[in-house]
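[1] Quick check, what structure comes out for this input:
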Amino acid sequence: MGITAKELAKKLNLSAAAVSMALNHKPGVSTQTRRLVIDTAEKYGYDFSRVMERRQQLTNVIYFIIYKKYGAIVADTPFFSQLSEGISRECKRQNLALKISYVYEEAAAIEQQIADIRGSDCSGILLLGTEMEAKDVAPFLSLSCPLLLLDAYFETLPCDCVLINNIQGAFIAAMHLIRKYKKQPGYLQSAYQISNFSERSSGFFKAIRFCGMSASKSIIHRLTPSIEGAYADMREILKANEELAPCYFADNDLIAIGAIKAFKEEGYKIPEDIAVIGFDNLPLTSVIEPALTTIHVPKQYMGEIAAQRLSAIINAPGQPPLKTEVATTLIKRKTA
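    As a prediction, this is how the structure comes out:
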């Protein structure tokens with residue numbers, strides 16, 4: 001006859017409650033303790049059949065909430081699909097159930113989402129903050145379950161976050177242009193201001209100042225952050241005969257690709273006449289002509305570590321919030 005839960009608790013010098021939480025995959029014990037209990041239970045022949053059905057019901061449920069304000073940024077692009085894939089894979093490893101939902105800016109929709117979560121089986125929230133401001137996050141912090149903010153950071157909010165090191169990435173890109181072309185780069189800036197783009201702006205101008213150049217002399221074009229929008233905006237700029245820079249850093253790959261299309265239609269050679277660097281390293285960037293030099297973001301890894309961290313704070317609540325920044329790398333191709 002196998003060991004009982006009561007005997008297991010005695011053998012491990014744990015409370016019966018701790019053993020029950022570990023066996024049933026409830027929050028309240030550390031991952032290490034949970035593993036110890038399960039391994040020991042298996043070793044001494046514990047009968048898991050009595051709890052298997054209940055374990056399935058009591059698996060921690062993670063809500064991945066995708067907040068959309070503009071839509072052009074948080075869209076069905078490879079960036080967000082790879083991010084979601086990383087979250088999904090790590091949830092499977094951690095025995096977490098994953099539910100994905102979308103919420104739009106309307107106050108009524110957000111209130112309903114909050115109410116639905118309060119009455120649900122939600123154990124923790126991954127909140128995609130790409131298009132959010134601090135005030136948009138605040139209602140979600142009223143919930144009692146742990147929350148991790150993904151792809152954004154706000155100094156005023158006491159929550160865990162995982163995001164790209166945008167300043168580093170933009171700095172690397174601008175420094176590459178300055179060193180290679182020995183000229184002041186221009187900036188293809190997003191017309192939609194979100195925290196990611198604001199940080200990339202800081203990184204770009206940090207490089208400009210680091211090299212002794214005047215930020216006020218930078219040529220800046222504000223473009224819609226989509227291929228079609230950036231293309232249309234750049235066509236208007238070219239028709240107006242606005243001054244052009246010899247090379248550009250773009251806030252994202254979609255802006256870069258749209259602008260390059262407009263440049264090429266006007267007869268500019270890339271990179272001989274105008275060089276361009278993007279940001280994100282979307283799959284499309286390696287197959288366009290010429291292939292886009294860009295900043296790589298490990299999107300799937302971001303999703304994985306976000307799910308890991310959320311699992312950790314579900315199992316061991318009360319930890320101080322962590323800000324985790326994921327480093328970027330320069331991918332040199334043909335456009336710069």
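
[2] shaky segments in the stretch 51-200 of the chain?
    Residue ranges of the stretch 51-200 of the chain with pLDDT under 70: 51-59, 70-78.

[3] Walking through it, point out its strands one by one.
    For the stretch 51-200 of the chain, the strands defined by DSSP state E, counting those that start in this stretch occupy 61-68, 97-104, 122-128, 147-150, 160-164, 186-190.

[4] Flag every buried residue along stretch 265-273.
    By neighbour count on 16 or more other C-beta atoms under 10 Å, the buried set for stretch 265-273 is I270, P271. The C-beta positions use only the backbone N, C-alpha and C, and glycine is treated the same way.

[5] Okay, domains of this protein per the record?
    Annotated domains of the chain cover 5-58, 61-164+299-325, 166-296 [automatic domain parsing].

[6] Out of those domains, flag the one nearest R333.
    With respect to R333, and counting by C-beta to C-beta, the nearest of the domains of the chain is domain 166-296 at 3.9 Å.

[7] Kindly check the end-to-end length of the closest one for me.
    Criterion C-alpha to C-alpha, to the nearest Å; first-to-last residue distance in domain 166-296 is 11 Å.

[8] quick one: it to chain centroid distance?
    Centroid separation for domain 166-296 versus its chain: 21 Å, with C-alpha atoms, centre = their mean, to the nearest Å.

[9] quick one, what contacts the closest residue to S218 other than its chain neighbours?
    Spatial nearest neighbour of S218, chain neighbours left out: Y187 (5.8 Å); criterion: C-beta to C-beta, 6 or more residues apart in numbering. Contact analysis of Y187 by C-beta atoms under 8 Å, 6 or more residues apart in numbering lists S201, F204, S218, I219, I220, H221, Y248, F249.

[10] how about the most centrally placed residue in the chain, what does it touch?
    By C-alpha atoms, centre = their mean, the mean C-alpha position of the chain lies nearest to D151, the distance being 3.5 Å. Residues near D151 by C-beta under 8 Å, 6+ apart: L83, L128, G129, T130, V162, L163, I164, N196, M302.

[11] List buried residues within the contacts of Y187.
    Applying 16+ other C-beta under 10 Å to these, the neighbour count classes S201, F204, S218, H221, Y248, F249 as buried.

[12] Would you agree the fifth one is in contact with G278?
    To tie it back to what came earlier, the one meant is Y248. No. Applying C-beta atoms under 8 Å as the test, Y248 and G278 come out as separate, 9.5 Å apart.

[13] what do the two both touch?
    Shared contacts of Y248 and G278, counting by C-beta under 8 Å, 6+ apart, come down to A256.

[14] May I see the buried residues of stretch 114-133?
    Neighbour counts over stretch 114-133 (16+ other C-beta under 10 Å) mark I117, C122, S123, G124, I125, L126, L127, L128, G129, T130, E131, M132 as buried.

[15] nope, stretch 199-218 is what I meant
    Neighbour counts over stretch 199-218 (16+ other C-beta under 10 Å) mark E199, R200, S201, G203, F204, F205, K206, A207, I208, M213, S218 as buried.

[16] Same list (those residues) but as CSV, adding distance to G229 and secondary structure.
    What follows is the buried residues of stretch 199-218, written out as CSV (distance: C-beta to C-beta, whole Å; DSSP: H, G, I helix; E, B strand; the rest coil):
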residue, distance to G229, secondary structure
E199, 21, helix
R200, 18, helix
S201, 18, helix
G203, 23, helix
F204, 20, helix
F205, 24, helix
K206, 27, helix
A207, 26, helix
I208, 26, helix
M213, 29, coil
S218, 22, coil
